[in-house]
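A.B. asks: need coordinates for the below:
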Amino acid sequence: MISQGKDGDMAKSICFFNHKGGVSKTTTAFNVGWELANQGKRVLLVDLDSQCNLTGMVLGFSKIFDGLESFYSSRDNLTMGPIVEFLINGGQPDRYLDTESGNLTNTFNKNLFLLPGHLNVSELDSQISVSLKIASGIPATRNIPGNLPRTLQIIADQNNIDYVIYDLSPNVGGLNEVILMSSDYFIVPATPDFFCWQAVKSLAINIPKWHAELSLFKMAHDSPSSRAIKNSPKFIGMIQQRYRPRNGAPAKSFELWISKIREAVDTILVPKLSEINCVQSKELIQKILDESHKNELSAYDLAHISDFNSLIAISQTLSVPVFDITDENIKDSGQFGHALNTMKQSRTSFKDQFSLLADRTIKITSN
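C.D. replies: Got it, this is the predicted structure:
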C-alpha cells in the first residue's frame, strides 16, 4: 500500500535528527510542521523519542505532569504504545488497522495531527538493533526492522497525510537508523557550538555505515517490510538556531561556529552523503534559497533562527508555535512597555522565518 496525500501524491516523510541533544530539535519539528499545515498541507507529527517531549508540547506539558493515564488508556486515541506492543508481539503491519482502533490526535491547527509517543518505544529500539545483527541466522526476526516504518506508512495513507514529520531521540540506535533511512528527506537542527561541529563529522561516519548495513540487509531479505526501508533519504540542510542575535545577525562568537559547521557540512558531510545518493542537489537548493532569501543563505543552510527566549514559555503553555502567539497572549504573560514591543517584533520575525522555511521545504521536497 502506498501513502497518498490529500492531493493524491505520495506522503513525503522528513526526519529531524541530530544525535547531539539540546539543539531544539523537537521545537523546530513542531514549528515547521505547524507552518507546513498553515500552508495547506496535512501534516502528521510522529513522536519517536521515548522522552515524549513532542507529545508534551502538543498536548500541553501540564497534562504530562498531571498524568495521561486516561488519554493513553482510551482506545479512541492512537498512540505509539499499542503500535509498539503489537509489533513486539509479532504483529504484521498490514493487519494493524484491522485489529486496532484509535484516531490520530488533533492539534489547535486543523491540518496538523500527532501520533503521540510512549516510553516503550525504547523496547522496540532494542529489538530492531538486535534483529539487524541476527536476522540472517534467525528468519523469524527478518521483518522486525522494517515493520515500524511500514506501519507508519499505512497510518499516513489511511489519514491522507501530505507530510510525515519524524522527531527522533538523540542517539544512534536501531530505531533511529531504520526511521532515518526509511525517510524521504532529513534535516539536521544545530546550535552553533563545538559539540554540533563534532556531531556533523560523526553523522558523516554513521549514516554511510547505516546505509551499508541496510543495503546488505535488504539484499538478503526482500519483503514489503524491508522495502519500507528505502535507504536513500535526501539531506536537505541544517537549521542553525538558538544563538543570540546582535543587530539582526548572530553575535560574533556564534558566527564563528556557524561558519565552522557550514564548512564541515560542505567538506565532510555532503561529500560522504553524495557517495551513497543521500543528499539533495546543491544547485536545486541554492536556486530555491536565492529565490526566497536574496543570497543571504548558502546551500544546506536552510535557516538561521535565533533563540526564542521568553516566547518559548508562552508557546509551551498554549501548545502553539512562537509565531502563532497573539498580542493578547503576550500581554497576558505580564509583559508591558519596551519588553512587550520587543516580544511582538520577535514573534513577527519568527513568523516570517518559519513561513519562508516551510515554503522552501515544500519546494525542495517537490523536486
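
A.B. asks: which SSE is immediately downstream of the helix or strand that contains K272?
C.D. replies: Assigned by DSSP states H and E, K272 belongs to helix 270-275. For helix 270-275, the following helix or strand on the C-terminal side (DSSP H and E) is helix 282-293.

A.B. asks: and the residue nearest in space to the middle of the chain, its phi and psi?
C.D. replies: The residue lying closest to the centre of the chain (CA atoms, centre = their mean) is F16, at 3.1 Å. For F16, the backbone dihedrals (degrees, to the nearest 10) come out as phi -100, psi 110.

A.B. asks: doesn't C15 lie inside a helix?
C.D. replies: No: C15: not assigned to a helix; according to DSSP: H, G, I helix; E, B strand; the rest coil it is strand.

A.B. asks: what pLDDT is listed against the residue lying closest to P192 once chain neighbours are set aside?
C.D. replies: Closest residue in space to P192, ignoring its immediate chain neighbours: W257 at 3.7 Å, by CB to CB, 6 or more residues apart in numbering. Where C-beta positions appear, they are placed from N, C-alpha and C, glycine not excepted. For W257, the model assigns a pLDDT of 86.

A.B. asks: W257: helix or strand, and which one exactly?
C.D. replies: helix 252-264.

A.B. asks: helices and strands around that helix, which ones?
C.D. replies: Under the contact definition 3 or more CB pairs under 8 Å, 6 or more residues apart in numbering; DSSP states H and E, helix 252-264 sits against helix 194-220, strand 234-243.

A.B. asks: what does the last one rub up against?
C.D. replies: The contact list for strand 234-243, computed with CB atoms under 8 Å, 6 or more residues apart in numbering, reads 23-24, 28, 184-192, 250-251, 254, 258, 261-262, 265, 269-270, 273, 278-280, 285, 299-307, 357, 361, 364-365.

A.B. asks: so it versus helix 252-264, what angle?
C.D. replies: 170 degrees (axes from the mean of the first three to the mean of the last three CA atoms, to 10 degrees).

A.B. asks: quick one on the thing from earlier: report the distance from the helix holding W257 to the chain centre.
C.D. replies: Helix 252-264 has its C-alpha centroid displaced from the chain centroid by 23 Å (CA atoms, centre = their mean, to the nearest Å).

A.B. asks: renumber starting at 328 from here on
C.D. replies: OK, 328 is where the count begins now, so the last one is helix 579-591.

A.B. asks: orientation of it relative to helix 521-547 in degrees?
C.D. replies: Using the same axes, to 10 degrees: helix 579-591 against helix 521-547 is 30 degrees.

A.B. asks: list the buried residues for helix 579-591?
C.D. replies: Across helix 579-591, burial judged by 16 or more other CB atoms under 10 Å covers 581-582, 584-585, 587-589, 591.

A.B. asks: export it to PDB, keeping only CA atoms.
C.D. replies: Output of helix 579-591 as PDB, limited to C-alpha atoms (Å, rounded to 0.1, in the frame of the first residue of the first chain):
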ATOM      1  CA  LYS A 579      30.500  37.100  16.600                       C
ATOM      2  CA  SER A 580      31.100  34.200  18.900                       C
ATOM      3  CA  PHE A 581      28.100  32.300  17.300                       C
ATOM      4  CA  GLU A 582      29.000  33.300  13.800                       C
ATOM      5  CA  LEU A 583      32.400  31.600  14.200                       C
ATOM      6  CA  TRP A 584      30.700  28.300  14.900                       C
ATOM      7  CA  ILE A 585      28.000  28.800  12.300                       C
ATOM      8  CA  SER A 586      30.900  29.200   9.700                       C
ATOM      9  CA  LYS A 587      32.800  26.100  11.100                       C
ATOM     10  CA  ILE A 588      29.600  23.900  11.000                       C
ATOM     11  CA  ARG A 589      28.800  25.100   7.400                       C
ATOM     12  CA  GLU A 590      32.400  24.300   6.300                       C
ATOM     13  CA  ALA A 591      32.100  20.800   8.000                       C
END
